[in-house]
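Asker: Using only what follows, build the 3D model:
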Amino acid sequence: MDLPTARAWVATVLASPRAGLLVETDRHAEVLEELARLHPRLAGSLLHDLHTAALMKEHGIPEIRTADTDFHQFPFLRVVNPLLTQ
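Answerer: Residues are numbered from 1 along each chain as shown. Now for the predicted structure:
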């Protein structure tokens with residue numbers, strides 16, 4: 001989708017009372033370093049996944065709904081693929 005359409009979609013999602021943005025806590029550097037030690041070979045686009053996983057761990061979020069199988073490498077996350085029928 002083009003940028004204006006994407007921005008409108010994000011605005012719609014964030015307008016929901018059940019949606020929010022995860023922001024770094026005071027523990028962010030500690031959690032990020034812990035995960036980086038456990039996954040020393042992560043590089044490139046997987047670093048974004050590591051950052052997302054760190055934010056989720058900081059906020060106690062145990063489940064991610066994604067088709068990105070790379071998140072299976074973080075054992076504290078339950079990965080649910082929303083594209084698969086259950």
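
Asker: From Thr52, how far off is Phe74?
Answerer: Going from Phe74 to Thr52 by CB to CB, to the nearest Å gives 9 Å. (Glycine included, C-beta is placed from N, CA and C.)

Asker: swap in Leu22?
Answerer: 8 Å.

Asker: And these two? Which one has more around it.
Answerer: When neighbours are counted by other CB atoms under 10 Å, Leu22 and Thr52 differ, and Thr52 comes out ahead with 18 against 12.

Asker: Can you tell me the element the residue nearest in space to the middle of the chain falls in?
Answerer: Centroid-nearest residue in the chain: Thr52, 3.3 Å away (criterion: CA atoms, centre = their mean). Thr52 belongs to helix 46-58 when assigned by DSSP states H and E.

Asker: from the chain's centre, how far out does that helix sit?
Answerer: 5 Å (CA atoms, centre = their mean, to the nearest Å).

Asker: what comes into contact with it?
Answerer: Helix 46-58 has contacts (CB atoms under 8 Å, 6 or more residues apart in numbering) with 22-25, 27-28, 31-32, 35-36, 39, 42, 62, 64, 68, 70-71, 74, 76-77.
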